[in-house]
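**Q** From the sequence below, what's the structure:
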Amino acid sequence: MTMKRLTIIIATLLAMLMRGKAQESNRIITLDEAITLARVQSVNAAVALNELKTAYWEYRTFKANLLPEVNFGAVVPSYNKKYNSYQQEDGSYTFVRSNYMNINGELSINQNIWFTGGVISLNTSLDFLRQMDNGKGNRFMTVPVALTLNQPILGVNNIKWDRRIEPVRYAEAKAAFLSATEEVTMTTINYFFNLLLAKENVNIAAQNLDNATKLYDIAKVKREMGQISENDLLQLELNKLNARSTLTENESALKSNMFKLQSFLALEDDAMLEPVVPDALPNMVLDYSNVLDKALTNNKFAQNIRRRQLEADYEVAKAKGNMRQISLFAQVGYTGTDSDLGQAYNRLKDNQIVEIGFQIPIVDWGKRRGKVKVAQSNREVTESRLRQETMNFNQNLFILVEQFNNQLAQLQIADKADEIAEKRYKTNIETFMIGKISTLDLNDSQVTKDEARQRLITQMFYYWYYYYQLRSLTLWDFAENTTINADFERIVKQ
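**A** This next block holds a predicted model:
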């Protein structure tokens, strides 16, 4: 007896230990936790972050283009020993031999003028020339200061258009990042509820198998007593086999959906995920006009519409500007030259250059005018598309708001139906045991119970999916009644 008790105690301890290890290998995960992990670890989140970084540095490059730029250029040295053609006084040419070394350097500060499209530069330079033959010595040429202006008179002002388009492009990129973050959440919800539904299907199948086994055992006894027909007994045996087959299929589907969620969340451990049914729902009714106003203010679609309109206008302006071109080049400053470096800076003379160049087509067979017409036609096409896209966006948003507002009622109905179907099934089991209903009625109540539970999970999924889809389109947190924003400077530099 002592050995038997000891064996029982050891077996019990081993069972408890194995159960504890099984529980440790399971990881309970909530919807909020899955969303948080997805926003940090998923591949989709990484792609959205990299796209934001690209847009950020493109915008930084544009802003840097508006600031002064300091450049230094030099040739140290340039050595030439060769023959060059030379025109003599009588107009004939001959070749003379040159042998010299040249060194030069220039420091300039350039500034784009955004409101005119020109470039103004402040330059200083030094040239040194050493003639290597006949001891002719050194020569210096200095430009202590020179102010240069390159200004297109006619033509498109690219910098001015960039100032209008690039901020909109970056605002679109920021809104796209926030929307992508919400879309990551929507994908997470999809994977999470697929796993949750798969888990519920396994629980349902396991319970159905347990019930089918008990009913079949009872039916065998009742058949021996002549209380049920052979057909009912065979039907219950078939139910038991079908329940076992369904459980196997659902267990396979559970593993598949669990792998998908683990892969999406970039979870490296082998723990079995235990999804928890969300118990808190954002209970609210949304007003379409309010949702539309927030979407048109915050969504990347609004910025996309504005950017594409500006780009179409820019193409028309560029085509018109290319019809004729007039440019101004002007330079004022001082220069000096001498064999002594100091004297080259002391003996300065004024230095001015003014050039006006133009290019006007005389006969181009309507080529440039045709490009203007093409740009204008493309702008009209773009405007028509933007109007249609705006109408579609507003219509889809209206439908989504209606679906969300109705979904809470659908969820409440599904919850009540699940409760009633569960009670009905339990009642039918008891009624079947006393022989008051047939196996067909029992099977019908079981199917209804299973479908009601699945419908409840599905309706819960749609509620959360619609909610985060609205967040994605409006970039507005309706639960907290605040805009969805982020510290973009910190995000791109982390």
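**Q** what's the domain layout of the chain?
**A** 27-58+163-309+378-493, 67-113+116-156+325-360 (automatic domain parsing).
**Q** and of those, who's closest to Gly366?
**A** domain 67-113+116-156+325-360 (14.9 Å; Cβ to Cβ). Glycine gets a C-beta too; all of them are placed from N, C-alpha and C.
**Q** Out of the domains of the chain, which one sits most buried?
**A** domain 27-58+163-309+378-493 (a mean of 17; mean count of other Cβ atoms under 10 Å).
**Q** So what's the gap between that one and the chain middle?
**A** 22 Å (Cα atoms, centre = their mean, to the nearest Å).
**Q** Now name the helix or strand holding Met323.
**A** Using DSSP states H and E, Met323 is not contained in any helix or strand.
**Q** most remote residue from the protein's center?
**A** Distance to the chain centre peaks in the chain at Asp90, reaching 74.2 Å (criterion: Cα atoms, centre = their mean).
**Q** Let me know the secondary structure of that residue.
**A** When classified by DSSP: H, G, I helix; E, B strand; the rest coil, Asp90 comes out as coil.
**Q** now swap in Phe72 and tell me
**A** Assigned with three-state DSSP, Phe72 falls in the strand class.
**Q** Tell me the predicted confidence for it.
**A** On pLDDT, Phe72 comes in at 95.
**Q** I figured it hits Gly105, correct?
**A** Yes. Look at Phe72 against Gly105 with Cβ atoms under 8 Å: they come within range, at 7.1 Å.
**Q** Now Arg307. Its backbone dihedrals?
**A** Arg307 adopts backbone torsions of phi -60, psi -50, taken as degrees, to the nearest 10.
**Q** Now Arg244: closest residue in space that isn't a chain neighbour?
**A** Leu209 (5.6 Å; Cβ to Cβ, 6 or more residues apart in numbering).
**Q** got a list of what that neighbour touches?
**A** 240, 243-244, 246-247 (Cβ atoms under 8 Å, 6 or more residues apart in numbering).
**Q** Can you tell me the element Leu67 falls in?
**A** Residue-wise, Leu67 maps onto no helix or strand under DSSP H and E.
**Q** how about the nearest residue to it, chain neighbours excluded?
**A** Per Cβ to Cβ, 6+ apart, closest to Leu67 is Gln111, 7.9 Å.
**Q** And Ile218, by the same measure?
**A** Met433 (6.3 Å).
**Q** what sits up against stretch 431-441?
**A** Contacts of stretch 431-441 (Cβ under 8 Å, 6+ apart): 215, 218, 222, 227-228, 232, 235-236, 239, 428, 442.
**Q** if we can go back for a sec, mind putting the domains of the chain into CSV with distance to Gly370?
**A** Supplementary listing: the domains of the chain in CSV, determined by distance: least, Cβ to Cβ, whole Å:
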stretch, distance to Gly370
domain 27-58+163-309+378-493, 13
domain 67-113+116-156+325-360, 17
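**Q** I'd like to know which elements the helix or strand encompassing Tyr334 is packed against.
**A** For Tyr334, the host element (DSSP H and E) is strand 325-338. For strand 325-338, the packing partners by 3 or more Cβ pairs under 8 Å, 6 or more residues apart in numbering; DSSP states H and E come out as strand 137-152, helix 341-346, strand 348-359.
**Q** same thing but 10 Å
**A** Here strand 325-338 touches strand 118-131, strand 137-152, helix 341-346, strand 348-359, going by 3 or more Cβ pairs under 10 Å, 6 or more residues apart in numbering; DSSP states H and E.
**Q** Between strand 137-152 and that strand, find me the angle.
**A** 160 degrees (axes from the mean of the first three to the mean of the last three Cα atoms, to 10 degrees).
**Q** Give the residue spans of the protein that score low on pLDDT.
**A** Within the chain, the set of residues satisfying pLDDT under 70 comprises 1-25, 134-136, 269-270.
**Q** ranges for the strands of it?
**A** 26-29, 69-87, 93-113, 118-131, 137-152, 272-275, 325-338, 348-359, 476-477, 482-483 (DSSP state E).
**Q** Show me the one of these that comes nearest Lys423.
**A** Closest approach to Lys423 among those (Cβ to Cβ): strand 272-275, 25.3 Å.
**Q** The closest one pairs with which strands?
**A** As defined by DSSP bridges, the strand partners of strand 272-275 come to strand 26-29 (parallel).
**Q** how far out from the middle of the chain is the partner strand?
**A** Worked out by Cα atoms, centre = their mean, strand 26-29 lies 29 Å from the chain centre.
**Q** can you check stretch 302-312 too?
**A** Using Cα atoms, centre = their mean, the offset of stretch 302-312 from its chain centre is 18 Å.
**Q** Next, the residues that contact that stretch from outside, please.
**A** Stretch 302-312 has contacts (Cβ atoms under 10 Å, 6 or more residues apart in numbering) with 161, 164-176, 295-296, 299-300, 375-376, 378-383, 385-387, 389-390, 393.
**Q** Repeat that for stretch 411-430.
**A** Residues contacting stretch 411-430 (Cβ under 10 Å, 6+ apart): 207-208, 211, 214-215, 218, 281, 436-437, 441-464.
**Q** could I have that stretch exported to PDB, CA atoms only?
**A** C-alpha atoms of stretch 411-430 as PDB (Å, rounded to 0.1, in the frame of the first residue of the first chain):
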ATOM      1  CA  LEU A 411     -22.300  42.700 -32.500                       C
ATOM      2  CA  GLN A 412     -24.900  42.900 -29.700                       C
ATOM      3  CA  ILE A 413     -27.300  40.800 -31.700                       C
ATOM      4  CA  ALA A 414     -24.600  38.200 -32.400                       C
ATOM      5  CA  ASP A 415     -23.700  38.100 -28.700                       C
ATOM      6  CA  LYS A 416     -27.300  37.500 -27.700                       C
ATOM      7  CA  ALA A 417     -27.700  34.900 -30.400                       C
ATOM      8  CA  ASP A 418     -24.600  33.100 -29.200                       C
ATOM      9  CA  GLU A 419     -26.000  33.000 -25.600                       C
ATOM     10  CA  ILE A 420     -29.400  31.700 -26.800                       C
ATOM     11  CA  ALA A 421     -27.900  29.100 -29.100                       C
ATOM     12  CA  GLU A 422     -25.700  27.700 -26.300                       C
ATOM     13  CA  LYS A 423     -28.700  27.400 -24.000                       C
ATOM     14  CA  ARG A 424     -30.800  25.700 -26.700                       C
ATOM     15  CA  TYR A 425     -28.100  23.200 -27.400                       C
ATOM     16  CA  LYS A 426     -27.700  22.300 -23.700                       C
ATOM     17  CA  THR A 427     -31.400  22.000 -23.400                       C
ATOM     18  CA  ASN A 428     -31.600  19.700 -26.500                       C
ATOM     19  CA  ILE A 429     -29.000  17.500 -25.100                       C
ATOM     20  CA  GLU A 430     -31.000  17.000 -21.900                       C
END
